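S.K.: A predicted structure for the sequence below; I have some questions about it.
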Amino acid sequence: MSVTINLKSRGRLIKRLPTSVDVNPKSTPSELASQISSKTGLSIHRLRLTKASDGKVLEDLNISSNETVYVKDLGPQIGWRTVFVIEYLGPLLIHPLFFIPKLRTYIYPHIQASTASIPPTLNQQLLLYLVLMHFLKRELETLFVHKFSSATMPWRNLPKNSTHYWILSGLNLAWFLYHPLVITEGKYTFYTPSSTAILTFIVLWVFAQVSNFSTHLTLSNLRRAGTTTRGIPRGYGFNWVTCPNYFFEVLCWLAVWALSGFNWAVGLFTLVSAGQMYLWALKKEKRYRKEFGDKYKKKRAVLIPALL
């Protein structure tokens, strides 16, 4: 026995979209999408199915015969793994450019060439290594650790998603972080933290990176390969806040901020990143409560223990 489902395009017209299809009542939305994909020639990831009755995304096929389902073409897609690789590639390519002597005179044309060509300080070199290792770690996690609940996103969103990393943590951060002249107390001088400060914040940075990696492993192990189902995250960090991976990320950049002499560009990047992660953490807390109910231990703080 089969059920007839009427199909209509939402938004732009989808060529070769049949007016109706017959499906098994026990079929899943993914199987319906696969059937539509085979008939239209569009990737299954480009299709969004919503009920005509309430406009909600189709989560099951518990609908009556001859009910209408809207099909929306989301446009050309790009894999989320590729998206993250491209995003994190920005700082990895941009920051080293500021250490090329001949380029520094062009990057900083507003100051004398003799000053612009002065090599970066040891502290600036340290900051470069920390930034590069941070984003290299992210690239490796993207390739070998992370699992994604959604396979793709629209290509048109890539520039918007990449702006944060290519501009804010790329060009903006590098330009001020490696500037030949660092302003301190109204004078142009080089910032040189004490040996104790350097050691303290390097230890904090390493602790944050290792802890962040640990939480990413926990999250990755919650989702079985080939599925989008999740378990409840528990263990190190997760008993403190909803998203300890975000907390350790903020901690990492606070260490970099301190090592930079509290450079405003690093502070801005840290603040913007923390604000965005806080909003994401709030959404995750709400989703966990809805998805797992009483099985999930509610968190008061979602990002920073006892604060946010």
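M.R.: Received, thanks.
S.K.: residue 205 contacts residue 252, correct?
M.R.: Yes - judged on C-beta atoms under 8 Å, residue 205 makes contact with residue 252 at a distance of 5.7 Å. All C-beta spots, glycine's among them, are computed from the backbone N, C-alpha and C.
S.K.: who touches both of those two?
M.R.: Contact criterion C-beta atoms under 8 Å, 6 or more residues apart in numbering; residues shared by residue 205 and residue 252: none found.
S.K.: and the most centrally placed residue in the chain, what element?
M.R.: By C-alpha atoms, centre = their mean, the mean C-alpha position of the chain lies nearest to residue 84, the distance being 6.8 Å. Counting by DSSP states H and E, the element that carries residue 84 is helix 80-97.
S.K.: just how off-centre is that helix within its chain?
M.R.: Offset of helix 80-97 from its chain centre (C-alpha atoms, centre = their mean, to the nearest Å): 12 Å.
S.K.: break the protein down into its domains, please.
M.R.: 3-75, 78-295 (automatic domain parsing).
S.K.: okay, those in a markdown table with distance to residue 307 and mean pLDDT next?
M.R.: As requested, these are exported to a markdown table (distance: least, C-beta to C-beta, whole Å; pLDDT from 0 to 100):
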| stretch | distance to residue 307 | mean pLDDT |
| --- | --- | --- |
| domain 3-75 | 35 | 87 |
| domain 78-295 | 9 | 90 |
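S.K.: ok, now which ones touch the closest residue to the residue nearest to the centre of the chain other than its chain neighbours?
M.R.: Nearest non-adjacent residue to residue 84, counting by C-beta to C-beta, 6 or more residues apart in numbering: residue 142, 4.3 Å away. Residue 142 is in contact with 81, 84-85, 88, counting by C-beta under 8 Å, 6+ apart.
S.K.: same check, this time on residue 176
M.R.: 263-266.
S.K.: what about it, distance to residue 45?
M.R.: Distance, residue 176 to residue 45, by C-beta to C-beta, to the nearest Å: 39 Å.
S.K.: how near is residue 9 to residue 306?
M.R.: 51 Å.
S.K.: buried sites along stretch 91-98?
M.R.: Neighbour counts over stretch 91-98 (16 or more other C-beta atoms under 10 Å) mark 91-92, 94-95, 98 as buried.
S.K.: double-check that the residue nearest to residue 84 belongs to a strand.
M.R.: No - using DSSP: H, G, I helix; E, B strand; the rest coil, the secondary structure at residue 142 is helix, not a strand.
S.K.: my read is that residue 215 contacts residue 248, right?
M.R.: Yes - in this structure, residue 215 is within contact of residue 248 by C-beta under 8 Å, at 6.7 Å.
S.K.: quick one: the helices in the stretch 51-200 of the chain?
M.R.: 80-97, 101-107, 113-116, 122-144, 158-163, 173-177, 195-222 (DSSP state H, counting those that start in this stretch).
S.K.: looking at those, which is buried most?
M.R.: Among those, ranked by average contacts under mean count of other C-beta atoms under 10 Å, first place goes to helix 173-177 (a mean of 20).
S.K.: OK, contacts around residue 240?
M.R.: 247, 301, 305.
S.K.: can you tell me the SS state at it?
M.R.: Using three-state DSSP, the secondary structure recorded for residue 240 is coil.
S.K.: returning to what we had before: out of the contacts of residue 240, which are buried?
M.R.: Buried subset of the contacts of residue 240 (neighbour count, 16+ other C-beta under 10 Å): 247, 301.
S.K.: now distance to residue 28 and secondary structure too, for the contacts of residue 240, in CSV please.
M.R.: As requested, these are exported to CSV (distance: C-beta to C-beta, whole Å; DSSP: H, G, I helix; E, B strand; the rest coil):
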residue, distance to residue 28, secondary structure
247, 36, helix
301, 37, coil
305, 40, coil
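S.K.: picking that back up, looking at the helices of the stretch 51-200 of the chain, which is closest to residue 152?
M.R.: Closest to residue 152 of the helices of the stretch 51-200 of the chain, according to C-beta to C-beta: helix 80-97, at 6.4 Å.
S.K.: nice, that's everything, thank you.
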